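Peer 1: quick one: sequence plus predicted model below, questions after.
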Amino acid sequence: MDHFDIGTLLLGAGPANLALAVALEELAPSRVATDTLMIEQADDMVWQRGMLLPWAQSQVSFLKDLVTLRNPRSRFTFVNYLHSTGRLDDFVNLGSAVAYRQEISGYLAWVAESLAHTKIEFGRRVSRIEAVRDADGGVVGWRVRLANGTSLTCGDLVVGVGRDPHVPEVFAGLPANRAIHSARYREGAAGLDERGTRRIAVIGSAQSAAEMAWSAHQTHPHAQCTMIMRSIGLNTYESSKFTNELFYPSFVDSFYETNHEARGQLLREMHRTNYSGLSPAMLDTLYRQTYLERLTGEQRLQMMTMTDVARAELRGDEVVLTLASRRTGELTEFRCDTVLLGTGFEPGMPGLVRELAASADLEEVRVDRFYGLELPAGSTATCHLQGVNEATHGIADSLLSVLSVRAGEIVADLLSARSARAQSPVLRSELAAS
């Protein structure tokens, strides 16, 4: 018999695991959903908390919600959310295929509250994950230790916590209130002293950097905002309809079956469809602002292109950046009060995933076509990874585009694993003993 606290544990209450919870409700309500717990470190359900700006919009169609591409008749669609909240007429009249970010956040919270079987607990921070192994080295379960000292055990684990923020080493020595990553922009910006913030440096040239620059420019009307970037200038996303076909859920099979060299080419060529680019509306907003400021002679928004940050240090009450021109190699000093980091997220596996893989004695993190972590021979437990498999499943893996279909595939894989365990029951006394 099994000695698990729960059957399936979902780490993180973001879109990926919410889509999975919806699929469990619809495809396996009694077999899996009723024995599933989702835990989230935050105290409530908020999407993109750090960049939940009132005017910010999603970059994908509202039809790429948690369920529509898998089951358009579902009660969990974004359209049904709008209908349930009395806002469908307004959205239709807006005439837009993309929703505001805060509206998507509201939709996700509505879905979380609407689940009938899957339980969600907030304020549960994971401190460590350990594989529970049998005498032959097979993984028979997972022990998830929480920051409050308690632990949970499960047979099936799904990790949907997202990637770790990328803070370049050059900024590591700056205090947290002086170097603010986009992942915590709203929190950090709220603590900025209005009178003491007159010079703001924004590092990066992608959407998050541009949004922070525009937000800081608007909320600090007396501050100088300077975007510092390695590129020759800001560009829009590559968004041709032919390119966007590579974001179809059906393209995942093609990408997974492609050889390693060709995968690399695809990822490089698709880079500007999601990274190192801006939405056309954001680009136009910034250009018009710089144009008007040049016209009036009161230029507060500036761009420094082809520039690297060679050093960053706190001198007295100033942040001093040593800038290196990529054109000439010349070094100059740039003084500011605050640095905003639009530097994205670490491309590798999150630390939590590397840790659990190490506990299972895995030399590398590898997933199969259905997002299952490849575990040692004889393992009866499962671990599925969501949103971190771009290298094997394509650039859409971390985006909303494939959520609904991927969730259905993971549910099918979980059902298969449970059926296999039922045919060959394993005594997991190791879990009870600890």
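Peer 2: Yes, it's here.
Peer 1: who's in contact with residue 130?
Peer 2: 142, 143, 145, 356, 359 (Cβ atoms under 8 Å, 6 or more residues apart in numbering). Yep, even glycine has a C-beta here, placed from its N, CA and C like the rest.
Peer 1: now the phi/psi pair for it, please.
Peer 2: Main-chain torsions, residue 130, degrees, to the nearest 10: phi -130, psi 140.
Peer 1: between the contacts of residue 130, which has the most around it?
Peer 2: Neighbour counts for the contacts of residue 130 peak at residue 356, which has 28 neighbours (criterion: other Cβ atoms under 10 Å).
Peer 1: ok, so what distance separates that one from residue 238?
Peer 2: 35 Å (Cβ to Cβ, to the nearest Å).
Peer 1: rewinding a little: between the contacts of residue 130, which is closest to residue 407?
Peer 2: Closest approach between the contacts of residue 130 and residue 407, by Cβ to Cβ: residue 142, at 20.1 Å.
Peer 1: which SS class is the closest one?
Peer 2: Three-state assignment for residue 142 (DSSP: H, G, I helix; E, B strand; the rest coil): strand.
Peer 1: neighbours of the closest residue in space to it that isn't next to it in sequence, just the number please.
Peer 2: Nearest residue to residue 142, sequence neighbours excluded (Cβ to Cβ, 6 or more residues apart in numbering): residue 157, at 4.6 Å. Neighbours of residue 157 under the rule other Cβ under 10 Å: 25.
Peer 1: per-residue pLDDT, residue 157?
Peer 2: In this model, residue 157 is scored at 98, pLDDT.
Peer 1: so what's it up against?
Peer 2: Contacts of residue 157 (Cβ under 8 Å, 6+ apart): 8, 9, 11, 129, 142, 144, 356, 381, 382, 383, 384.
Peer 1: what is the neighbour count of residue 214?
Peer 2: Around residue 214 there are 21 other residues, counting by other Cβ under 10 Å.
Peer 1: next one: the one 10 residues further on
Peer 2: Residues lying near residue 224 (other Cβ under 10 Å) number 17.
Peer 1: who does it form a beta bridge with?
Peer 2: residue 199 (DSSP bridges).
Peer 1: surely it and residue 293 touch.
Peer 2: No: using Cβ atoms under 8 Å, residue 224 is not in contact with residue 293; the gap is 10.8 Å.
Peer 1: residues that sit against both of those two, list them.
Peer 2: In contact with both residue 224 and residue 293: residue 300, using Cβ under 8 Å, 6+ apart.
Peer 1: for the stretch 101-250 of the chain, what spans make up the helices?
Peer 2: 101-114, 185-190, 207-219, 241-244 (DSSP state H, counting those that start in this stretch).
Peer 1: can you give me the domain boundaries for the protein?
Peer 2: Following the assignment in automatic domain parsing, the chain carries domains at 6-164+349-433, 169-236+277-341.
Peer 1: which one of those lies nearest to residue 260?
Peer 2: Among those, domain 6-164+349-433 comes nearest to residue 260, with 9.1 Å by Cβ to Cβ.
Peer 1: I'd like the next helix or strand past the helix or strand encompassing residue 314.
Peer 2: For residue 314, the enclosing helix or strand under DSSP states H and E is strand 307-315. For strand 307-315, the following helix or strand on the C-terminal side (DSSP H and E) is strand 318-325.
Peer 1: tilt between that next one and strand 307-315?
Peer 2: Angle, strand 318-325 to strand 307-315, by axes from the mean of the first three to the mean of the last three Cα atoms, to 10 degrees: 160 degrees.
Peer 1: in strand 318-325, what counts as buried?
Peer 2: Buried residues in strand 318-325, counting neighbours by 16 or more other Cβ atoms under 10 Å, are found at 319, 321, 323, 324.
Peer 1: can I assume the second one is in contact with residue 331?
Peer 2: No: the pair formed by residue 321 and residue 331 falls short of the contact definition of Cβ under 8 Å, at 10.6 Å.
Peer 1: so what's the residue positioned nearest the centre of the chain up against?
Peer 2: With distances taken as Cα atoms, centre = their mean, the residue of the chain nearest its centroid is residue 162 (4.3 Å). Residues near residue 162 by Cβ under 8 Å, 6+ apart: 12, 14, 345, 350, 387, 388.
Peer 1: tell me the pLDDT at it?
Peer 2: Residue 162 is assigned 88 on the pLDDT scale.
Peer 1: how many residues are close by residue 376?
Peer 2: 15.
Peer 1: what about it, which helix or strand?
Peer 2: Secondary structure assigned from DSSP H and E places residue 376 in neither a helix nor a strand.
Peer 1: list the contacts for it?
Peer 2: 133, 137, 138, 139, 360, 361, 362.
Peer 1: mind putting those residues into a markdown table with neighbour count?
Peer 2: As requested, these are arranged in a markdown table below (neighbours: other Cβ atoms under 10 Å):
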| residue | neighbour count |
| --- | --- |
| 133 | 20 |
| 137 | 14 |
| 138 | 18 |
| 139 | 25 |
| 360 | 22 |
| 361 | 12 |
| 362 | 17 |
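Peer 1: for residue 265, state which of these is nearest.
Peer 2: residue 362 (27.6 Å).
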